[in-house]
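S.K.: missing the sequence, but the structure's below:
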């Protein structure tokens, strides 16, 4: 079954899948999403939705504190 995508930026035809892919490829700020995909560069209405995806992605990433080896 194919997972459907939702348009986040109508002006630039950017979907949630496009944003998630850019985040997986290393984009970690709104500026980088704008540079890679063009989100928030026209009318700006996609900003809150793009930022929500960015925050969700960050929350799923392990923090550097999670990577510290604890003494036994």
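M.R.: Received it, and whenever you're ready, just let me know what you need. Note that the coordinates shown come from a computational prediction; the quantities given were computed from them, not determined experimentally.

S.K.: all strands of the chain, in order?
M.R.: Using DSSP state E, the strands of the chain run over residues 7-9, 14-15.

S.K.: out of those, nearest to residue 41?
M.R.: strand 7-9 (8.6 Å; Cβ to Cβ). For glycine as for every other residue, the C-beta is placed from the backbone atoms N, C-alpha and C.

S.K.: Pairing partners for the closest one, with directions?
M.R.: strand 14-15 (antiparallel) (DSSP bridges).

S.K.: what comes up buried for the longest helix belonging to the chain?
M.R.: If you go by DSSP state H, the chain has its longest helix at helix 47-60. Neighbour counts using 16 or more other Cβ atoms under 10 Å place 47, 49, 50, 53, 54, 57 of helix 47-60 among the buried residues.

S.K.: got the end-to-end distance for stretch 23-35?
M.R.: The straight-line separation of the ends of stretch 23-35 (Cα to Cα, to the nearest Å) is 12 Å.

S.K.: Name the nearest residue to residue 22, sequence neighbours excluded.
M.R.: Once flanking residues are discounted, residue 22 sits nearest to residue 36: 5.0 Å by Cβ to Cβ, 6 or more residues apart in numbering.

S.K.: What count of nearby residues applies to the one you found?
M.R.: For residue 36, the neighbour count with other Cβ atoms under 10 Å is 17.

S.K.: Mind putting the buried residues of helix 47-60 into CSV with pLDDT and distance to residue 5?
M.R.: Shown next, in CSV, are the buried residues of helix 47-60 (pLDDT from 0 to 100; distance: Cβ to Cβ, whole Å):
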residue, pLDDT, distance to residue 5
47, 96, 18
49, 97, 13
50, 97, 14
53, 97, 12
54, 97, 17
57, 95, 16
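
S.K.: from those residues, which two are the most distant?
M.R.: 47 and 57 (15.6 Å).

S.K.: can you list the weak-confidence ranges in this structure?
M.R.: The chain contains residues with pLDDT under 70 at 1, 63-72.

S.K.: Give me the contacts around stretch 36-44.
M.R.: With contact meaning Cβ atoms under 8 Å, 6 or more residues apart in numbering, stretch 36-44 is reached by 8-9, 11-12, 14, 18-19, 22, 27, 30, 33-34, 46-47, 50.
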